[in-house]
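> give me coordinates for this.
(2 chains)
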Amino acid sequence: MNEASLTLAKCASGIAGLDEITGGGFPQGRTSLVCGSAGCGKTQLAMEFIARGARDYNEPGVFMSFEENEEELKSNVRSLGFDLDDLIERKLFAMDYVAVERSEIEETGEYDLEGLFVRLQHAISSVGAKRVALDTIEALFSGLSNTAILRAELRRLFRWLKSQGVTTLITGERGDGTLTRQGIEEYVSDCVITLDHRVTDQLSTRRLRIVKYRGSTHGTNEYPFLITHTGISVLPITSLSLDHAVSDERVSTGVPRLDTMLGGQGYYRGTTILVTGTAGTGKTSLSATFVDAACRRGEKCLFLAFEESQDQIIRNMRSIGINLQPHVDKGLLKFHASRPTFYGLEMHLLVTHLLVEEQRPAIVVIDPVTNLVSGGSVGDVHAMAMRLVDYLKGRGITTVMTTLTSGGNNLEQTEINISSLIDTWLLVRDIESGGERNRGLYVLKSRGMAHSNQIREFRLTNEGVELLDVYLGPDGVLAGSARLAQESKAQADEAERRDNTRHRYLEVEAERRSLAAQVAALEAKISLQEKEMQALESQEAPQSERREAGRAAMAKSRLADAPVTATRSRAVARKL
Amino acid sequence: MIKTERSKSTRSPPGLEESTSVEWDLRLYIAGRTPKCVAAFSNLQKLCEEHLAGQYRIEVIDLLENAQLAKGDQILAIPTLVRKLPEPIRKIIGDLSNTERVLVGLDLRARS
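Here you go, the predicted structure:
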């Protein structure tokens, strides 16, 4: 037996995210119920199920509407890119609008809903439908008063649909304390999904939850979803896995000296970079520099701005010599500026997902991520940031997030406690000295690379971001004018020191020369004396020889044999 | 169109079909010969004879044979009696066993 036959067969809805939560789609050949209050997207979901099935899965479908007529439905989904007329022509789609007008119906005695069955059967067989949607079957209850018959007939209908082997989606209006007003969830036992449109703190979020799904595992949480121009998007945001593929590739930060600080090559691709700092320390500029460098390399970037509008960022960056406009024009850079309070956190996350899916960027900038706190609690933002980081990492996207640290807080702590998720953390801080505020930058951490531990002065010039060595003196780190003053002082000191050295050198040189002259004079004297000594010696030698000879002659004449001569000759020598 | 689709079992009472002034055009939708449908037809015939003798025509449409016709008159319940003429259109569902309500539904008796 293969695996497929062991698990429940599923019918993919084709709705982004929904099939992930349901583990493949709706139970095939069975009836699923989608319920929710008015305006929460039931009809939309049912229609997408049928239309996507017909268009993308080549599974013909029948849409039976009890509320909206054919024309209304067609125009509703045309904006989402579904051409129902075309699908009808290709025999992939059939629609039937069932109008139940209570005022023109009189009930007299026993009846059944065979007419509905006949119509459904007719529609199903006309296209060979595999999918059926009934929207909203509960409308029958407002048209017909005999609920006993209706209930019996609905039960029969669901059984019949099952026997037809079609995958059915029925929608139902949420009731008071029940999932549907008429309690039809009783008859649908396979899969029940609720949709919800909730407003918390004036922020509305659509949510979806699988209440039950018999015979299948499914995500149990409430998942936010969005109805966009491409239809419904559900976000299975709680999938947190730590199995991203990592890259050894490095990407330049756009600031050569910052690259040097980060092991010489910049960030790792696919990592998450956090830039923290107090207000006005150049976090956006640093991000923009990175984006600019990436766009120049031809990489796609997505800039999520929660603080400034696109035009404002472009203008401001132009003032430091970074022109982002050409990148926008070329389609490499996409801005998405929105107020954090515009919608809930999950919706932000979902929008980010959609934008990323659409743009497929290599780099995403979120500026600043802390502003989202105004859209939810710190805990929520933390959870959202975690999901976001996780998602972007999973896609191999290099992410730059900026966070604003409010004054007085510990700089090495982010307000939303996301530092542990971060691979490279740059801290931009003020250095206050000499009546000035200057910017200093350092790498707080950078996983997997040897990074510089030094503070650099961070300057925003007309030519972009520039990093300079700070002056480390006895008074601590000096930056800005103080650094300049210190530098010129150091230069002056240096010049003076050089002068001193030169002077001293000359002195020593003079002394050496005079010594050398003395040495020369002395040497001359020595050689003179040596010559004199030699002269003396040369005079003495012949005289002593003569004396010896005389002495020998004398001894010979006296016939002496004693060695007296030696003594006498020694005395002579002493005299000399 | 509908006349040609008329089912074999749907003969109007003999002699009335050619009536020159057909003021009541009634259509009965059924789905097969179920007891409810048979009952509805006989109830209708009896009622028409009593109240509309000579001025009515009954057309019976079996949806099992002509499913596509269900859409036109928005048929859901079976059996359904549709009063096409006189205007406005009225629908009466059920086996027509409650004569009073049928008469009210056909506007032959004032609503109480």
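
> helix, strand or coil for the spatially most central residue of chain A?
Geometric centre of chain A, nearest residue: A:T399, 1.8 Å, by CA atoms, centre = their mean. Put simply, A:T399 is strand when judged by DSSP: H, G, I helix; E, B strand; the rest coil.

> and it, bridged to which residues?
A:T272, A:V364 (DSSP bridges).

> quick one, what contacts it?
Applying CB atoms under 8 Å, 6 or more residues apart in numbering or on different chains, we find A:T399 in contact with A:271-273, A:363-366, A:388-389, A:392-393. For every residue, glycine as well, the C-beta is placed using N, CA and C.

> ok, so of those residues, who is nearest A:G298?
A:I363 (11.8 Å; CB to CB).

> of the contacts of A:T399, closest to chain B?
Closest approach to chain B among the contacts of A:T399 (CB to the nearest CB): A:L388, at 49.7 Å.

> ok, how many other residues are close to the closest one?
When neighbours are counted by other CB atoms under 10 Å in any protein chain shown, A:L388 registers 28.

> about what we covered before: pull the most distant pair out of the contacts of A:T399.
Farthest-apart pair in these is A:V365 and A:K393; separation 15.0 Å (CB to CB).

> quick check: closest non-adjacent residue to the residue of the stretch 51-200 of chain A found nearest chain B.
The minimum distance from the stretch 51-200 of chain A to chain B, using CB to the nearest CB, falls at A:E106 (3.2 Å). Closest residue in space to A:E106, ignoring its immediate chain neighbours: B:G105 at 3.2 Å, by CB to CB, 6 or more residues apart in numbering or on different chains.

> how about the one you found, what does it touch?
A:106, A:108, B:81, B:83, B:90-92.

> need the pLDDT of it.
Confidence at B:G105, expressed as pLDDT, is 80.

> cool, and A:S145?
pLDDT, A:S145: 83.

> show the subsequent helix or strand relative to the strand or helix carrying A:H336.
Here A:H336, judged by DSSP states H and E, is contained in strand A:333-337. Going down the chain from strand A:333-337, the next helix or strand is helix A:345-359, by DSSP H and E.

> which parts of chain A sit against chain B?
By CB under 8 Å from any CB of the partner chain, the residues of chain A that approach chain B are A:96, A:98-101, A:104-119, A:121-122, A:140, A:143-144.

> can you flag the buried ones in the residues you listed?
Buried subset of these (neighbour count, 16 or more other CB atoms under 10 Å in any protein chain shown): A:96, A:98, A:100, A:104-119, A:121-122, A:140, A:143-144.

> ok, A:G270 touching A:T424?
No. Contact criterion CB atoms under 8 Å: A:G270 and A:T424 do not qualify, at 11.5 Å.

> give me the common contacts of those two.
Joint contacts of A:G270 and A:T424 (CB under 8 Å, 6+ apart) do not exist.

> any stretches of chain B with poor pLDDT?
Counting by pLDDT under 70, chain B shows low-confidence ranges at B:1-22, B:111-112.

> phi, psi for the residue nearest to A:E106 please.
As for B:G105, its main-chain torsions (degrees, to the nearest 10) stand at phi -60, psi -30.

> measure it to A:N453 for me?
92 Å (CB to CB, to the nearest Å).

> show me what contacts residue 24?
Since no chain was named, I'll use chain A. Contacts of A:G24 (CB under 8 Å, 6+ apart): A:10, A:12.

> not quite, go with chain B.
Going by CB under 8 Å, 6+ apart, B:W24 touches B:48, B:52, B:55-57, B:83, B:85-86.

> just give me the closest of those residues to chain A.
Proximity of those to chain A (CB to the nearest CB) peaks at B:R83, which lies at 9.5 Å.

> can I assume that closest one sits in a helix?
No. Assigned with three-state DSSP, B:R83 falls outside any helix and is strand.

> quick check: pLDDT value at the residue in the stretch 201-350 of chain A that chain B sits nearest to.
Closest residue of the stretch 201-350 of chain A to chain B, CB to the nearest CB: A:G231 (28.0 Å). pLDDT, A:G231: 83.

> what about it, neighbour count?
A:G231: 22 surrounding residues under other CB under 10 Å.

> same question, A:E463
Neighbour tally, A:E463, other CB under 10 Å: 9.

> now it: how far from chain B?
A:E463 is 73 Å from chain B, where distance means CB to the nearest CB, to the nearest Å.

> tell me how far that residue lies from A:G321.
A:E463 is 5 Å from A:G321, by CB to CB.

> quick one: the helices in chain B?
Using DSSP state H, the helices of chain B run over residues B:35-51, B:69-72, B:99-105.

> can you redo the ones you listed as JSON lines with distance to A:K489?
JSON lines is the format used below for these (distance: least, CB to CB, whole Å):
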{"stretch": "helix B:35-51", "distance to A:K489": "109"}
{"stretch": "helix B:69-72", "distance to A:K489": "96"}
{"stretch": "helix B:99-105", "distance to A:K489": "107"}
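
> most proximal residue of chain B with respect to chain A?
B:G105 (3.2 Å).

> give the contact list for B:L103.
Counting by CB under 8 Å, 6+ apart, B:L103 touches B:47, B:51, B:109.

> who wins for neighbours among these?
B:L47 (19 neighbours).

> end to end on stretch A:291-307, go ahead and measure it.
Using CA to CA, to the nearest Å, the end-to-end distance of stretch A:291-307 comes out at 17 Å.

> what is the mean pLDDT for that stretch?
Stretch A:291-307 shows a mean pLDDT of 90.

> buried sites along it?
Within stretch A:291-307, the residues scored as buried using 16+ other CB under 10 Å are A:291-295, A:299-307.

> just want the phi and psi numbers for A:A385.
Torsion angles, degrees, to the nearest 10, at A:A385: phi -60, psi -40.

> for the residue nearest to it when sequence neighbours are not counted, what are its contacts?
Leaving aside its sequence neighbours, A:A385 sits nearest to A:I418 (CB to CB, 6+ apart; 4.7 Å). When contacts are counted by CB under 8 Å, 6+ apart, A:I418 is found next to A:274, A:369, A:382, A:385-386, A:389, A:401, A:403.

> could you tell me how many residues sit around residue 71?
All of this refers to chain A. Neighbours of A:E71 (other CB under 10 Å): 9.

> please refer instead to chain B.
Neighbours of B:K71 (other CB under 10 Å): 16.

> so it is in contact with A:R119, correct?
Yes. Between B:K71 and A:R119 there is a contact under CB under 8 Å: 6.3 Å.

> okay, and the common contacts of those two?
A:D96.

> hang on, the earlier thing: where's the residue of chain B closest to chain A relative to B:E23, distance?
Applying CB to CB to B:G105 and B:E23 gives a distance of 17 Å.

> what's the pLDDT at A:Y471?
As predicted, A:Y471 sits at a pLDDT of 72.

> my guess is it meets A:Q486, correct?
Yes. Between A:Y471 and A:Q486 there is a contact under CB under 8 Å: 4.7 Å.
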